[in-house]
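Peer 1: please find the sequence and the predicted model below.
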Amino acid sequence: MNRQKPMVLILGANGRLGRALVEAFAVAGWRVRAQLRDQSRWQQAGSASIAPWYCDAHDRAALCRAAEGCEVVVNALNPLYTQWEQNALPLAENALAAARASGVLLLFPGNIYNFGNQLPEQLHEDTPQVGNTTKAQIRIAMEERLRAAADEVDSVVLRTGDYLGGTGSWFDRVIAKELRKGKITYPGPTDRLHAWAYLPDFAEAFVRVAARRSELRGFHTYHFPGYAITGAELHRTLEEVTARQLRLGKMPWWSLRLAAPFSPMARAILDMRYLWERPHRVEDGALTALIGTLPTTPLHDALQATLSGLGVLTMKEDWHHA
């Protein structure tokens, strides 16, 4: 590796955001130290600038060693949905400790849980945060740890909505799950705005923020707007991308209610239903002033790339048999 290039530590490098961050930083010329727990799950394409670093993120001392020699740490750790209450805050504290140990900038991907289940339509950087759900309380506490450490650790929360790209999101697990059968399933009313971010764009924003690290002292929060689109707009654009009429189905929330007494995952998903019922958009305030024009892939192209990554567009020749 070229020792003159800056080095970034990506925590949770094998997650959907982590993989996008590894690629974005490597393409931008950074040396990348990719932290992951399980060597057998490492799927990142080989590159001389990317070095996997195997350790458990619950091991604080190991994370501190991983951060040695880095200029930036990105906390892309994301516990299982059903294990947030047990693991999210301890992992965030370990990431903070790693950044503190090496005296480097800590970047953290925020989401909109912080605004509670009555969130307003326009979400600004100074919109009041309301801990009226468990996940809101946890997210607020995670960010408060960064704010409280501002005299010791420089940190940035970069907040956005749901992800397009990769796997493991609402888009691939619910909305596009039956796309090959000519159907999409939307979790809420199709006339409500919903916030999305295309993962490669969001990852590129992290790279550009990291490049301004010398200017970032203390604690900062920035909003990455991505897309604010209704279910009807998403439906229409997916039809354009696939060149096919797509049936629109509704998510069977009733089945989750029936399963909730026995299923932690069903309960966790039900807790997030409000995000599909309340219109919302993430508003950019200071991010453009910091990094310039935001990386923004046209929605059509982002959906096309997302579906290609899921292997859906390669199946067009078989659709007429569905």
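Peer 2: Everything's here; your move.
Peer 1: how about the contacts made by residue 125?
Peer 2: With contact set as Cβ atoms under 8 Å, 6 or more residues apart in numbering, residue 125 has these partners: 159, 221, 222, 223, 283, 285, 286. Placement of C-beta: from N, CA and C, glycine included.
Peer 1: try 10 Å this time
Peer 2: By Cβ atoms under 10 Å, 6 or more residues apart in numbering, the contact set of residue 125 is 157, 159, 220, 221, 222, 223, 282, 283, 284, 285, 286, 287.
Peer 1: give the contact list for the residue lying closest to it once chain neighbours are set aside.
Peer 2: Nearest-residue entry for residue 125: residue 285, 4.6 Å, with adjacent residues in sequence omitted and distances by Cβ to Cβ, 6 or more residues apart in numbering. Neighbouring residues of residue 285 by Cβ under 10 Å, 6+ apart: 124, 125, 126, 221, 222, 223, 225.
Peer 1: could you do residue 207 as well?
Peer 2: Contacts of residue 207 were listed using Cβ under 10 Å, 6+ apart, and they are 8, 21, 24-30, 72, 74, 107, 291, 295.
Peer 1: also residue 123?
Peer 2: Applying Cβ under 10 Å, 6+ apart, we find residue 123 in contact with 112, 114-115, 159-161, 195, 223, 225, 228, 280-283.
Peer 1: can you tell me how far it sits from residue 161?
Peer 2: 9 Å (Cβ to Cβ, to the nearest Å).
Peer 1: what is in contact with these two at once?
Peer 2: 112, 195, 223, 225, 228, 280, 281, 282.
Peer 1: from these, pick the one nearest residue 204.
Peer 2: Each of the shared contacts of residue 123 and residue 161 was checked against residue 204 using Cβ to Cβ; the closest is residue 225, at 13.9 Å.
Peer 1: so which strand or helix has the closest residue in space to residue 257 that isn't next to it in sequence?
Peer 2: Sequence neighbours aside, residue 270 is the residue nearest to residue 257 in space, at 6.8 Å (criterion: Cβ to Cβ, 6+ apart). Secondary-structure assignment from DSSP states H and E places residue 270 in helix 264-271.
Peer 1: centre of the chain versus the very next helix or strand once past that helix, how much separation?
Peer 2: Counting by DSSP H and E, the element after helix 264-271 in chain order, helix or strand, is helix 274-277. When C-alpha coordinates are averaged (Cα atoms, centre = their mean, to the nearest Å), helix 274-277 and its chain have centres 18 Å apart.
Peer 1: after helix 274-277, which helix or strand is next?
Peer 2: Sequence-wise, the next helix or strand downstream of helix 274-277 (DSSP H and E) is strand 281-282.
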